[in-house]
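1. Got a predicted model here, sequence first, then my questions.
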Amino acid sequence: MARHVLLKVDSTMNEAARLAPGLSGPAWIFAHEQTAARGRRGRDWRAPAGNFSATLVLRPREGLAQAALYSFVAALALEAALAHVGGPHARLSIKWPNDVLLNGGKIAGILLESLALPRGAHALAIGIGVNLAAAPPRDALEPEALPAVSLAGETGLSVEPVEFLPMLAQAFAHYDRQFQDYGFDPIRNAWLARAARLGEEITARTGHETHRGTFETIDATGALILTGPHGRRAISAADIFF
Ligand SMILES: O=C(O)CCCC[C@@H]1SC[C@@H]2NC(=O)N[C@@H]21
């Protein structure tokens, strides 16, 4: 698969949008440093040199209908690559839908965006950031957010971002093959086996509503199923708080 390596870029998501029309197949766009990286819901994302920053551009076989499910494919790949570098003692889990946690703190984030291509076609950009070397301080986060952690801070391990790329690419290829061959079922099961707070009380905050309930499962569309005093609710977009 094609790989584009950049020293410094505004955001690998922006670079993905610039490159996508000229790409002939899937490609990883990797940057040593980003100066204007973004997170979900328009938040800033710190991406200094030493942390991992990349965007994978691909064209889902079934079109953008499959796009949301790639959130889970990417989260599993990221968890697997981190398990590989972190070893058997790294306490990893995935917070719905795609934040990877190490020792209960957020070590990595994933951002999905669709890219418009010529002649009405679309590509999917999957941006992945990992705090390999450094995590943002508490005061840079939203008040109720989970603490941010880094691989170096939690384990003392030092991993070069450019060395992390092939591990992530390999893990992604593995789960993508599974997804293409067998559909969402095995992805869903693997994701549930790594889910943070499954079966426990959590809070889901959508734009203006807050729901508290038991995190039962995720459904075939990846929606979070929460059971609370008002019954069973499927939530497809929300921020989750523990
Ligand atoms: O948890 C989040 O809010 C998602 C963070 C996604 C950050 C990555 S870093 C690589 C790619 N480029 C960006 O500008 N954002 C994503």
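-> Nice, I can see it.
2. C-alpha from now on. contacts and neighbour counts both.
-> OK.
3. List the residues that contact residue 74.
-> Residues in contact with residue 74 (C-alpha atoms under 8 Å, 6 or more residues apart in numbering) are 98, 110, 126, 172.
4. Bridged to residue 214, which residues?
-> residue 201, residue 227 (DSSP bridges).
5. for the ligand, what are the nearby residues on this protein?
-> 11-13, 37-40, 45, 53-55, 109-111, 127-129 (C-alpha under 6 Å from any ligand atom).
6. any chance of the contacts of residue 74 in a markdown table, with pLDDT and distance to residue 154 too?
-> Listed next are the contacts of residue 74 as a markdown table, based on pLDDT from 0 to 100; distance: C-alpha to C-alpha, whole Å:
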| residue | pLDDT | distance to residue 154 |
| --- | --- | --- |
| 98 | 97 | 20 |
| 110 | 98 | 20 |
| 126 | 98 | 26 |
| 172 | 98 | 24 |
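7. Surely residue 25 touches residue 56?
-> No: at 10.8 Å, residue 25 does not count as touching residue 56 under the criterion of C-alpha atoms under 8 Å.
8. Looking at these two, which one has more neighbours?
-> Higher neighbour count among residue 25 and residue 56: residue 56, with 23 against 11, using other C-alpha atoms under 10 Å.
9. contacting residues for the more buried one?
-> Neighbouring residues of residue 56 by C-alpha under 8 Å, 6+ apart: 16, 26-29, 125-127.
10. returning to what we had before: and which of the contacts of residue 74 is nearest the ligand?
-> Nearest to the ligand among those: residue 110, at 4.2 Å, using C-alpha to the nearest ligand atom.
11. so the closest residue in space to the closest one that isn't next to it in sequence is in which element?
-> Nearest residue to residue 110, sequence neighbours excluded (C-alpha to C-alpha, 6 or more residues apart in numbering): residue 128, at 4.7 Å. Using DSSP states H and E, residue 128 sits within strand 122-130.
12. Give me the sheet partners of that strand and which way each runs.
-> Partners of strand 122-130 in its sheet, by DSSP bridges: strand 52-58 (antiparallel), strand 105-116 (antiparallel).
13. Pipe the contacts of residue 56 into JSON lines and attach distance to residue 162 and neighbour count per row.
-> JSON lines is the format used below for the contacts of residue 56 (distance: C-alpha to C-alpha, whole Å; neighbours: other C-alpha atoms under 10 Å):
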{"residue": "16", "distance to residue 162": "18", "neighbour count": "27"}
{"residue": "26", "distance to residue 162": "18", "neighbour count": "18"}
{"residue": "27", "distance to residue 162": "15", "neighbour count": "19"}
{"residue": "28", "distance to residue 162": "12", "neighbour count": "23"}
{"residue": "29", "distance to residue 162": "11", "neighbour count": "23"}
{"residue": "125", "distance to residue 162": "19", "neighbour count": "28"}
{"residue": "126", "distance to residue 162": "17", "neighbour count": "23"}
{"residue": "127", "distance to residue 162": "15", "neighbour count": "26"}
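14. domains in this structure, as residue ranges please.
-> 2-193, 201-241 (automatic domain parsing).
15. deepest of these, which one?
-> Highest mean neighbour count of these: domain 2-193, a mean of 18 (counted as mean count of other C-alpha atoms under 10 Å).
16. Quote the end-to-end distance of it.
-> 32 Å (C-alpha to C-alpha, to the nearest Å).
17. Now do the SS call for residue 18.
-> Here residue 18 is recorded as helix under DSSP: H, G, I helix; E, B strand; the rest coil.
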